[in-house]
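S.K.: Starting from these lines, generate the structure:
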Amino acid sequence: MATQHSPRQRLIALSPDDGAVIDLRNPFLAAALSWLVPGLGQLYQGRRFKGGLCMASLLACLVVGLWLGDGRVVYAAWRPGEPRLAFIGQSGIGAVAIPAVLQSLRLHGPAQEPYFASGLFAPPLRPGQLVTPTYAGRLARTEPGVAADDFFDRPPLKQFRRDQLSIWQRRLGRRFEIGTLYTVIAGMLNVLVVLDAFAGPLRTPARDAPPEAGPPAGKD
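M.R.: Numbers count the residues shown, from 1 in each chain. Here you go, the predicted model:
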């Protein structure tokens with residue numbers, strides 16, 4: 001005898017604006033999509049206006065921050081004494097958090113050079129850090145403020161003798177801090193977008209109606 005399976009229940013939410021029913025579809029997938037790209041989960045749920053608004057505003061904030069910081073303000077670092085605390089906020093957007101983590105693991109791992117030729121999302125080199133001759137030569141050619149004599153020969157590697165973060169901050173000035181702030185704000189605001197994709201819009205509790213006034217008391 002064939003067994004009948006009940007249809008899977010869909011999670012829904014109600015819009016606090018007009019009470020319209022919102023189909024959250026797969027809320028875990030929607031949350032993951034919005035974490036990867038702001039607003040993408042809302043678009044997946046058919047909430048085009050909110051998804052487009054979140055995508056346009058938060059990606060604009062992120063891109064402006066990266067532009068101000070010359071693409072150097074988003075990176076992951078867990079070095080003792082100087083962790084990149086700003087990355088905690090920036091990690092709210094997976095599109096930059098994932099490559100930043102991969103770049104950090106690659107640069108500080110056996111490869112000792114980042115994935116991308118431009119070094120985008122790679123953490124800065126600290127004094128005494130060993131890298132491959134290929135990456136050292138690339139930095140000397142393309143990185144402002146870095147020269148070939150900033151590396152010592154430590155065959156088969158090269159050892160950096162300066163602090164690349166100080167070079168970035170000296171070259172960019174306030175733009176580095178402002179760019180960092182923009183990217184942190186974008187990441188932290190996207191946490192709210194992820195929660196919205198997972199559970200729907202937040203409904204404000206209805207206020208209790210004030211008790212109706214009774215008829216005026218009669219005079220004695």
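
S.K.: Got the confidence number for the residue nearest the centre of the chain?
M.R.: The C-alpha lying nearest the average C-alpha coordinate of the chain belongs to I93 (CA atoms, centre = their mean; 2.4 Å). Note for I93: predicted pLDDT of 98.

S.K.: and it, what does it touch?
M.R.: Under the criterion of CB atoms under 8 Å, 6 or more residues apart in numbering, the contact list for I93 reads W35, L36, V37, P38, L58, L62, A186, G187, N190. Heads up, the C-betas are built off the backbone N, CA and C, glycines and all.

S.K.: how near is the second one to L165?
M.R.: As defined by CB to CB, to the nearest Å, L36 lies at a distance of 28 Å from L165.

S.K.: How far off centre is the longest helix anywhere in the chain?
M.R.: Here the longest helix in the chain is taken by residue count, with DSSP state H as the criterion, and it is helix 174-199. Going by CA atoms, centre = their mean, to the nearest Å, the spacing between the C-alpha centre of helix 174-199 and its chain's C-alpha centre is 6 Å.

S.K.: Buried residues in it, which are they?
M.R.: 175-176, 178-187, 189-190, 193-194, 196-198 (16 or more other CB atoms under 10 Å).

S.K.: Also stretch 45-55?
M.R.: Buried residues in stretch 45-55 (16+ other CB under 10 Å): Q45, R47, K50, G51, C54, M55.

S.K.: end to end, how far does stretch 85-95 reach?
M.R.: 18 Å (CA to CA, to the nearest Å).

S.K.: For F152, which non-adjacent residue is spatially closest?
M.R.: Using CB to CB, 6 or more residues apart in numbering and skipping residues adjacent in sequence, the residue nearest F152 is Q159, 4.4 Å away.

S.K.: which residues touch the closest residue in space to F198 that isn't next to it in sequence?
M.R.: Residue nearest to F198 in three dimensions, not counting chain neighbours: A31, with 4.0 Å by CB to CB, 6+ apart. With contact set as CB under 8 Å, 6+ apart, A31 has these partners: G41, V194, L195, A197, F198.

S.K.: how many neighbours does the nearest residue in space to Q129 that is not next to it in sequence have?
M.R.: Taking CB to CB, 6+ apart as the measure, Q129 lies nearest to F160, with 5.0 Å between them; neighbours along the chain are not counted. The burial count assigned to F160 is 21, neighbours taken as other CB atoms under 10 Å.

S.K.: Please apply the same query to P110.
M.R.: Residues contacting P110 under the criterion other CB under 10 Å number 5.

S.K.: how much space between it and A77?
M.R.: Distance from P110 to A77, counting by CB to CB: 18 Å.

S.K.: before we move on, what about V131?
M.R.: From V131 across to A77, the span is 15 Å (CB to CB).

S.K.: Counting neighbours, go ahead and name the busier of those two.
M.R.: Between V131 and A77, counted using other CB under 10 Å, the more crowded position is V131 (22 against 19).

S.K.: Once you drop chain neighbours, what's closest to that one?
M.R.: Leaving aside its chain neighbours, V131 sits nearest to Q112 (5.2 Å; criterion: CB to CB, 6+ apart).

S.K.: Same check on R48?
M.R.: Distances taken as CB to CB, 6+ apart put Q42 closest to R48, at 7.8 Å, once the chain neighbours are dropped.

S.K.: Equivalent analysis for Q164, please.
M.R.: Using CB to CB, 6+ apart and skipping residues adjacent in sequence, the residue nearest Q164 is P124, 3.6 Å away.
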